[in-house]
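Chemist: Predicted model and sequence below, questions to follow.
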2 protein chains.
Amino acid sequence: MSFDSIRAIRWENNRLLLLDQRLLPQQQIDVVCTDVAGVADAIRNMVVRGAPAIGITAAYGLVIAGQLRFAQDKARWQTTIAADLELLAKSRPTAVNLFWAIERMRGLIAGLPAQQDPAAALLAEAQLIHRDDIAANQRMGQLGAALIQPDSAILTHCNTGSLATGGFGTALGVIRQAYADKKVTKVFADETRPWMQGARLTAWELVQDKIPVTLIVEGAAAFLMKQQRVQWVILGADRITANGDVANKIGTYSLAVLARHHGVKFMVVAPTSTIDMQLASGADIPIEMRGEEELLQLGGQRLAPQGVQAWNPVFDVTPATLIDAIVTERGVVTEPDRQKMLAMMQKSDS
Amino acid sequence: MSFDSIRAIRWENNRLLLLDQRLLPQQQIDVVCTDVAGVADAIRNMVVRGAPAIGITAAYGLVIAGQLRFAQDKARWQTTIAADLELLAKSRPTAVNLFWAIERMRGLIAGLPAQQDPAAALLAEAQLIHRDDIAANQRMGQLGAALIQPDSAILTHCNTGSLATGGFGTALGVIRQAYADKKVTKVFADETRPWMQGARLTAWELVQDKIPVTLIVEGAAAFLMKQQRVQWVILGADRITANGDVANKIGTYSLAVLARHHGVKFMVVAPTSTIDMQLASGADIPIEMRGEEELLQLGGQRLAPQGVQAWNPVFDVTPATLIDAIVTERGVVTEPDRQKMLAMMQKSDS
């Protein structure tokens, strides 16, 4: 379809290529990963970010790991690869897709016949995870776009697009679909401090795909809503708990409170791999804290004076009660709660 | 008193010195103004910012103007200076203190005897405006600090300190006083996009004065409140209308909605020169829009891709209903409305 031209994770010539999101939009350069440490570094250092993209990247990382471990020791590779599974699992603490993808690959690895080259089976599984993610995004795009009335303007946060996923995007996939369906007149993107994913990545994706986009500072979102310039806030999730609470990029909870105050609708778009039914509520989600220097510096230069501290949580938790709709590839949950989430999870993929 | 070491506007050796706030905290350099165009440029280009500081700067600018116009034409200087009054009035559109200071100087100028050197009278008036501002800030500091319970943490926004005023500050003056009174344990400062006044200026002032300060991105304010880490939001105003609505730095309205949602108290601190009883409500306040490049660039480098737009209002409007207290030098108005604001304005300075 139109408005969908970007793929940031590519397996080519037996190598993993990751479009370096730290350099966008000024430079489009791939990082080439040839070992697991390189993949873990790429995740940790945010060459790749976005919960689904991290999971897919880890899956490809385990293709590389399987090849190397098998070459080292054909008899014991299924044991020695445990260190690689651990290394990848520790690369980012919050994204449940990472653990989901690793567990799926771990299950495959355990079931493979001993002493046989696992490369083809591992690659097939990673590519299936990747392809399924894109298909899930396209399905979510359809389901989410169906909720939007014509002539709507959308506010989004962080980056949930082709860069954050296998392709097409979650929240940005809904926006792509709704724009293709001529329901969306305009997209506002929060610049998303401190990493500026909105200004750098979401803006870049939308410009690439010729969807009109206007940047705002996060402090302007409430004033934008007050002026009735947006009808929906649509964003992604890093983790969703059994009751429908959502952990997502810092600033999400703020937008949810502001949207409810102004009667603006609030939609979370995420694949079911993001949903952790083992966690009862958002209070159980560990929140990653990142370094103070992300706030104390700007563009590599010291910004704040010496002597100041910074509080830099990467994610916040939005309670289900502030969410109008959670859109997954299995369906839409409006006004989410534990029962509705469970019913949705028990559906098979359509 | 302690915790009050900074003066950013200084009249020395018949010259106006302005601490260049665009360069803080990396460099402490004064801009020397020797003509009115230079003063207007300094205001327009934000060498000096903050509503009270702009008013004081304009008053000193008219001291320079009076000297130059009198030197050019002793008979007609009170007429020819009209162009200077106009130029200064156009340097920033929103700050009512600017117009207030200009009108006060205009009144003085009109009443001065013709053909006599006005330099001393103009300087005395500008210095009185400056001194009165500091005294008003100290008075507001006392009144505001009295509202704060011991063991409170404060969130502030933008810069309302010695840099934004004649000295001591409005909201930051309350914070200084409350810290001196040992009521405040900690100050959180919003970094305040896009100009980063919090990260650059408020953090610098507080570090200079040895008050502990922790920076946050604006998107984190809601999450901070949810965790009950702050008891008060305290910030300034660029203009207050007759009903108690407040125009202030973009992001203020957002904090007011979030504070109310979380039961956090919300205090606006501003001298009565900020209050425009001619405007019925915030709907009547013109909102300055600034250039898109402030969002599209970062640290002088292009950040966002070509083809993206930006919406960059400098101020927003917070309705009186979301404000717990407006603190002026004449007294405190809790739960402001038109009647209470009028009663406060009719009090004489105590």
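Modeler: Cool, the structure landed.

Chemist: Can you get me a residue count around the residue of the stretch 51-200 of chain A found nearest chain B?
Modeler: Residue nearest to chain B within the stretch 51-200 of chain A: residue A:193 (4.0 Å; CB to the nearest CB). (C-beta placed from N, C-alpha, C; glycine too.) Other residues within reach of residue A:193, judged by other CB atoms under 10 Å in any protein chain shown, total 25.

Chemist: Need the pLDDT of it.
Modeler: pLDDT for residue A:193: 96.

Chemist: which residues touch the residue nearest to it when sequence neighbours are not counted?
Modeler: The spatially closest residue to residue A:193, leaving aside those adjacent along the chain, is residue B:217, at 4.0 Å (CB to CB, 6 or more residues apart in numbering or on different chains). Residue B:217 makes contacts with A:193, A:194, A:218, A:250, A:251, A:295, A:312, B:190, B:191, as judged by CB atoms under 8 Å, 6 or more residues apart in numbering or on different chains.

Chemist: now do 6 Å
Modeler: A:193, A:194, B:191 (CB atoms under 6 Å, 6 or more residues apart in numbering or on different chains).

Chemist: From residue B:312, how far out is the first one?
Modeler: Residue A:193 sits 15 Å away from residue B:312, taking CB to CB, to the nearest Å as the criterion.

Chemist: Chain B contacts on chain A?
Modeler: Within chain A, the positions adjacent to chain B are A:25, A:193-194, A:199, A:203-204, A:207, A:213-220, A:222-223, A:250-251, A:253-254, A:257-258, A:261, A:295, A:298-299, A:301, A:303-305, A:307-311, A:316 by CB under 6 Å from any CB of the partner chain.

Chemist: hmm, back to that, pLDDT at the residue nearest to residue A:193, what is it?
Modeler: On the pLDDT scale, residue B:217 gets 98.

Chemist: That one and residue A:321, how far apart?
Modeler: From residue B:217 over to residue A:321 the distance is 24 Å, taken as CB to CB.

Chemist: What of residue A:292?
Modeler: From residue A:292 to residue A:321 the distance is 32 Å (CB to CB).

Chemist: higher neighbour count, those two?
Modeler: Legend: neighbour count by other CB under 10 Å for residue A:292 and residue A:321, higher for residue A:292 (16 against 13).

Chemist: circling back: secondary structure for the contacts of residue B:217 - can I get that in CSV?
Modeler: Shown next, in CSV, are those (DSSP: H, G, I helix; E, B strand; the rest coil):
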residue, secondary structure
A:193, coil
A:194, coil
B:191, coil
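
Chemist: Closest one of these to residue B:119?
Modeler: residue B:191 (42.2 Å; CB to CB).

Chemist: burial of the closest one, as a residue count?
Modeler: 30.

Chemist: now it: how far from residue B:316?
Modeler: For residue B:191, the distance to residue B:316 - CB to CB - is 17 Å.

Chemist: And residue A:210, by the same measure?
Modeler: 31 Å.

Chemist: More neighbours: which of those two?
Modeler: Just comparing residue A:210 and residue B:316: by other CB under 10 Å the higher neighbour count belongs to residue B:316, 26 against 12.

Chemist: Next one: that one, what pLDDT does it get?
Modeler: 97.

Chemist: Any idea what it is bridged to?
Modeler: For residue B:316, the beta-bridge partners under DSSP bridges are residue B:248.

Chemist: Tell me where chain A is predicted with low confidence.
Modeler: A:1, A:94-95, A:349-350 (pLDDT under 70).

Chemist: What residue spans form the domains of it?
Modeler: Domain ranges of chain A: A:9-135, A:140-349, per automatic domain parsing.

Chemist: Could you pull out the helices in chain A for me?
Modeler: Assigned by DSSP state H, chain A shows helices spanning A:36-44, A:51-72, A:77-80, A:82-89, A:96-111, A:119-145, A:171-180, A:197, A:203-208, A:221-226, A:252-262, A:293-296, A:338-346.
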